[in-house]
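Novice: Just a sequence and a predicted model for now, questions to come.
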Amino acid sequence: MIDLQHLPGGSPDEKILLVLRRHWFVLIPLCLSVATVLLLPPFAFFGIRYASPTFFLNPVLTPLFVLGLSIFVLFAILFLYQQYLDYYLDTWVVTDQRILNIEQHGLFARTVSELRLFRIQDVTAEIHGFLHTMFNYGDVHIQTAGETQRFEFEEIEDPNTVAKMVLDLAESQRKKQLTELSESTGRG
């Protein structure tokens with residue numbers, strides 16, 4: 001995991017203003033999946049026992065059932081853990097000079113993208129749907145003129161406030177860049 005106190009490519013005077021992750025509400029389907037995986041083995045056991053009472057008396061079928069069920073549970077837990085890691089390790093860091101997009105892909109792949117604040121042209125907040133509105137989470141789209149056309153903060157809490165803050169930071173960073181440029185050319 002990236003140490004947020006020592007961000008890659010940062011300057012010593014850079015300050016972290018926001019560390020964003022997806023809203024906790026997006027974990028509910030994952031929790032329901034975990035509950036399903038944990039409840040499925042007992043249901044399978046009692047269902048087979050009810051349908052065929054002699055099934056578990058067979059010395060070959062019982063170990064095969066236990067082996068198959070164990071393999072299912074292990075793969076399900078691995079898949080669910082990978083989904084949780086993807087949720088937890090997808091991070092967006094807003095500093096006073098730039099935005100970092102740290103995106104986890106699977107278990108062993110990560111992409112880190114950087115965007116300087118003065119390059120931002122437009123910031124849009126989107127909240128779609130009843131649950132998004134009720135729990136106040138949505139997406140923030142950041143438009144630039146560079147190669148990367150769009151940075152996205154996905155399913156974050158309070159996207160309107162974050163969008164306004166990023167836009168204000170971008171404006172102040174542009175003014176700072178213009179001031180430094182005019183001072184360096186002697187037109188201050």
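Specialist: That came through, no problem.
Novice: ok, which stretches of the chain are strands?
Specialist: Taking DSSP state E as the test, the strands found in the chain are 16-20, 91-95, 98-105, 109-116, 120-126, 137-144, 150-157.
Novice: who does the longest helix anywhere in the chain touch, helix- and strand-wise?
Specialist: Ranked by number of residues, the top helix in the chain under DSSP state H is helix 61-89. If contacts are counted by 3 or more Cβ pairs under 8 Å, 6 or more residues apart in numbering; DSSP states H and E, helix 61-89 sits against helix 28-51, strand 98-105. To be clear about C-beta, it is placed using only N, CA and C from the backbone, and glycine gets the same treatment.
Novice: got the buried residues for the longest one?
Specialist: By 16 or more other Cβ atoms under 10 Å, the buried positions in helix 28-51 come out as 34, 37.
Novice: same deal with the shortest one?
Specialist: Applying a neighbour-count criterion of 16+ other Cβ under 10 Å, one finds 98-104 buried in strand 98-105.
Novice: which one of those sits closest to residue 59?
Specialist: Nearest to residue 59, judged by Cβ to Cβ, of the buried residues of strand 98-105 is residue 104 at 45.0 Å.
Novice: Could you measure from the most centrally placed residue in the chain over to residue 77?
Specialist: In the chain, the centroid-proximal residue (Cα atoms, centre = their mean) is residue 90; its distance is 3.3 Å. For residue 90, the distance to residue 77 (Cβ to Cβ, to the nearest Å) stands at 20 Å.
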